[in-house]
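Asker: Predicted model follows, preceded by the sequence.
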Amino acid sequence: MDGGNIKLSLDKLPIRRVDAVDENGTEHFPPSDVNQDEKYLSLLRRIDFTPVVEKDAKKQKVSRENQASQQWPWQSLVENLRQAHHELSVIIDLVHNVEANDAVAVAGMTRPKPLPNEVLSDLAISTSTKLQCFQHVGKYLKQSAKALEHQVAREARFYGSLIRLQQNWKVKRQRALAAPSGSEGFTFDLSDISLSDPLLFRTSSLSTVRIEHDSTGMLAVTLPPNSCHALFLGFRDGPSSTIPIQPAGSNIDSLREGFDCGAKKETATNEDVNECLKETHALLRSIHRAIFDEQVFDWVNREAFNGSPGVNVTGMRENFLQLSLNPEISVCLKLLASNKDDQSESQNGIHNEGSRVVSVDLSEGSGASDARLKNTQEKEQNWLPDALSCEIYLQQLLLENVFVRDREIRAPVKCGSNKVQGSMKPIGDGFGFLGHFCVSLSHRIFSHKVLVDLENLAARVPYVHLLSHPTWNSRISAWSLYMKVPQSIMHLGKTKPETFDLEKGIRSQFYTKVVVNDESICIEGEAAPSVVGLFRSDSVEVRSISGYHCGLEDLTPMLLQQVASQVVHWIHEEALIVGMKVTRDFLSLWFEVEQGDRLGLVARIDQDDPHCCIGWWLVLEDARMEGHPDLSNGGSSESKKFLGHLSLESLYAVLMDLVSLCSSSGTS
Amino acid sequence: MNKGVSGGGLGGGAGAVGGSAAGPTATAAAIAAQKQKTLLQRVDTDINNMVDNFNFLVDVARVSDQPFRNSQEAFQMEIRAARVVQAADSLLKLVSELKQTAVFSDLGSLNQNVEQRISKLDNLSEETNTLVMRVGEEAAASLRELESHYYSSLHRTGDSLE
């Protein structure tokens, strides 16, 4: 105490300086040079050392126990900390008391000077903290750089793909779409703005395709499921459907509702980008085709609804249209979702007309009756036109007559080439495009039946050849039946027989032309059994080409008559050449034998004969008998003899025999 | 530190990239120049931001005596680093805007592309027509030949001999 002032010195605290703490809790103290007296002094300097004494006592006790039981190694550290805490709380208490008491004022207090190692450790802590901060910032920057690099790569990939796709597709940017979805709002616009009348076709929901890009920057095109439709064309046999609707096949390959190219990969290579581009191209093409199919269906529906001539609508639903071609056959158009499920469903139990294979459901067994059914079905369906080619034709009609025409109207100078104009033949006969299509289909079915008849005829009459003449018109078909006659003995020296030797009046070939226009058959032929030709023996008149119409059921007999008539005509000419007295009738030749008797070579037509439909009879006509003998009973008698189904060479030989017979009878 | 330069998009940036298009009017040229100026300004601002913030980061590398100052600086470092990244991101956005402008506003090359495509498709269509016609003609010729072969074949003549 110095003049009322109390001086309280707290320096030289007994600070426990821990040098190090082991992992197992053992504390290492710095080597102390404090002697025993100073230790006691320090103990005395404690403000209140009663607890310390107690603690020491306890500690001794505990240490004894510790020694005995070898308890927890951290115990000493805990004790020291607790001790320090207690000491600190006493000091704080003291400071609070001094502060609370106004009478007591702290005159001065000196901070204990830190030891150099303490200063260094503080500095080290600050430095390490700063280093940590920098490391943290560095890490952050590195991560950001990596993310930005990734983003740069993504954008390079995305915009690269976009620019490449832009060369083929119209890419649009819609700012309105960009904000909510987070993407840039790019879309592919697949709608056709080339049409001058935008109302001609309703805009498809598929015409705008959103472009997204995934985490690797790949383009991703998303479509709602079942949004792509494809047109299917099929035929129905009468009102009850026995021929199932079949897919045309080409439209359903590999069409998917969106894809995500690089979704599974973290990094994408150039090959992946190329692959992704290819797939996007393919998908967009499929969508384009689906839109076109919708337009075709839309257009067909509109034409059908307007009721153009030649179109007979028998069924109409939302995605289905049935047009009757004739009372037996209908053509059906369906707009179906072209996903894989439909594909598998449609393939089940459906015949593939393109390859003419009927797939039979295996679960029902494959017995003889099934095989027979299959055969009959195949036969029935053979005369149906190919559905795929019909579909292509329908699409071609729309393309040429709506799109190309519209484009030419708008830009007549650019598309003024003759070729394009030539390909756009206006469809006459008052038919609309759909009417024209239906009539073409009917014609195809009808002409196939005609062809089958002609083939049968050519197969059964050996000297008749069937030649096809492509007309390049969907509603006209033409064939010709050709018959080459043997060379006459009068012209054996000629090396090259001509079709018609005008000087000699000799033919070496005969043609009969069969033209089917829509559903009417026209036969044009030389030496046709015309009414005029029957009563006049003028060869020029008979040789003239005449044409006439007939129905399908009359076709075979008419043609057989035509062929037989040509053969008779040929033999007549040959007989005239060799100087025989011969008269020509409808399908017969009559040779004057003697005293008014006539020998007849008569052709008989039997279209049901499986071998040859034209048979020849030799008939002796007595001058006393009236009329021709009856050939219908088929049996031979004295006055008539069945020669058989003679070839032209045999007929010529018969003629030569007749020549010798007539000449011998004439001389006798 | 001024990040308020947004540039307002590049919607009409045809002049900026496709400025070489034939005969831009004076107004369009002025707009294009303005756009270009805005872009350059944005680039300058972003790069200055990055440099300034990085400088600060280097400056605060000195260890201060006061511990509170150190923690203050640690916080500031985070902010500056974030600003550097933000400036880089802004530059990247600018690059992608430029790319978009290149994609959508290069009307000259777009039109050229479309023209090329149209002529290519026209050629293809013409070639296809020719090909189809040739295929048809060849098929007809082959059919004729096959028919003549068939009717002169032994199968057919053998039938007739029988």
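Answerer: Yes, it's here. Residues are numbered from 1 along each chain as shown, chains lettered A, B, ... in the order given.
Asker: Pretty sure A:Arg236 sits against A:Glu328.
Answerer: No: applying C-beta atoms under 8 Å as the test, A:Arg236 and A:Glu328 come out as separate, 9.5 Å apart. No exception for glycine: its C-beta is placed from N, CA and C like everyone else's.
Asker: residue closest to the middle of chain B?
Answerer: For chain B, the residue sitting closest to the mean C-alpha position, by C-alpha atoms, centre = their mean, is B:Val103 at 4.0 Å.
Asker: what's the burial count for the residue nearest to A:Tyr463 when sequence neighbours are not counted?
Answerer: Residue nearest to A:Tyr463 in three dimensions, not counting chain neighbours: A:Leu648, with 5.1 Å by C-beta to C-beta, 6 or more residues apart in numbering or on different chains. Neighbourhood size, A:Leu648 [other C-beta atoms under 10 Å in any protein chain shown]: 17.
Asker: tell me the phi and psi of A:Asp386?
Answerer: For A:Asp386, the backbone dihedrals (degrees, to the nearest 10) come out as phi -70, psi 130.
Asker: can you map out the helices along the stretch 201-350 of chain A?
Answerer: For the stretch 201-350 of chain A, applying DSSP state H, counting those that start in this stretch gives helices covering A:270-306, A:340-347.
Asker: Kindly reformat those helices as CSV and extend each row with mean pLDDT.
Answerer: CSV is the format used below for the helices of the stretch 201-350 of chain A (pLDDT from 0 to 100):
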stretch, mean pLDDT
helix A:270-306, 85
helix A:340-347, 43
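Asker: Of all residues in the stretch 151-300 of chain A, which one is closest to chain B?
Answerer: A:Tyr159 (4.6 Å; C-beta to the nearest C-beta).
Asker: hang on, isn't that residue packed against B:Val103?
Answerer: Yes: if you go by C-beta under 8 Å, A:Tyr159 and B:Val103 touch, sitting 6.4 Å apart.
Asker: hmm, back to that, verify the assumption that the residue nearest to the centre of chain B is located in a helix.
Answerer: Yes: checked against DSSP: H, G, I helix; E, B strand; the rest coil, B:Val103 lies within a helix.
Asker: can you tell me which helix in chain B is longest?
Answerer: Counting residues, the longest helix found in chain B (DSSP state H) is helix B:107-152.
Asker: ok, which residues in chain A are in contact with chain B?
Answerer: Counting by C-beta under 8 Å from any C-beta of the partner chain, the residues of chain A close to chain B are A:122-123, A:126-127, A:129-130, A:133-134, A:136-137, A:140-141, A:144-145, A:148, A:151-152, A:155, A:159, A:162-163, A:166-168, A:171, A:173, A:175, A:184, A:419, A:423, A:462-463, A:465-468, A:470, A:472, A:647.
Asker: can you rerun that using 6 Å?
Answerer: Residues of chain A lying close to chain B (C-beta under 6 Å from any C-beta of the partner chain) are A:126-127, A:129-130, A:133, A:137, A:140-141, A:144, A:148, A:155, A:159, A:162-163, A:167, A:173, A:462, A:465, A:467-468, A:470, A:647.
Asker: Now the buried members of the residues you listed.
Answerer: A:126, A:129-130, A:133, A:137, A:140-141, A:144, A:155, A:159, A:162, A:462, A:465, A:467-468, A:647 (16 or more other C-beta atoms under 10 Å in any protein chain shown).
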